[in-house]
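Colleague: Whatever this is, show me its structure:
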Amino acid sequence: MRKAIKIGIIFVSILLSGCNTNKISNAEFTNTTPAKIKIENLTYLMTDEVLATNEVEVQIGKITRIQEIVSYSEDENPYKSPSKIFKIINTDIEESIAIKVNDMLYKAYME
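Modeller: Take a look at the predicted model:
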């Protein structure tokens, strides 16, 4: 009986740990001004509003495709390394998100 209980507890633990993973969506970044971020079926426009790391929650996406519409020289490129997308604390993702670009977190509003 004890063995069956232990196996049951292990099985439930495995199931619950699998349910706790965050889904990271692939996103597209377009280097126009303002920059556009497409994640899932939503499109956002990046602002120059910088957020602190304590203003964001979990990572919800990552840039996997960059559309280079505008040609910048290496020194003048304002969008050198767009990478991760985060949920902003107390804000619906249908309203705005945070995007990490050049090691800074910028707010982006839904288009």
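
Colleague: Contacts only, for the closest residue to A108 other than its chain neighbours.
Modeller: The shortest distance from A108 to any non-neighbouring residue, by CB to CB, 6 or more residues apart in numbering, is to Y44 (3.8 Å). C-beta coordinates here come from the backbone N, C-alpha and C atoms, glycine included. Y44 makes contact with 36-38, 96-97, 99, 108-111, according to CB atoms under 8 Å, 6 or more residues apart in numbering.

Colleague: And for K87?
Modeller: So K87 contacts 56-58, 60, 93, 97-98 (CB under 8 Å, 6+ apart).

Colleague: which other helices and strands contact the strand ranked longest in the chain?
Modeller: In the chain, assigned by DSSP state E, the strand with the most residues is strand 56-67. Under the contact definition 3 or more CB pairs under 8 Å, 6 or more residues apart in numbering; DSSP states H and E, strand 56-67 sits against strand 25-30, strand 36-39, strand 82-88, strand 96-101.

Colleague: Name the residues of it that are buried.
Modeller: For strand 56-67, the buried set under the neighbour-count rule, 16 or more other CB atoms under 10 Å, comprises 56, 59-61, 63.
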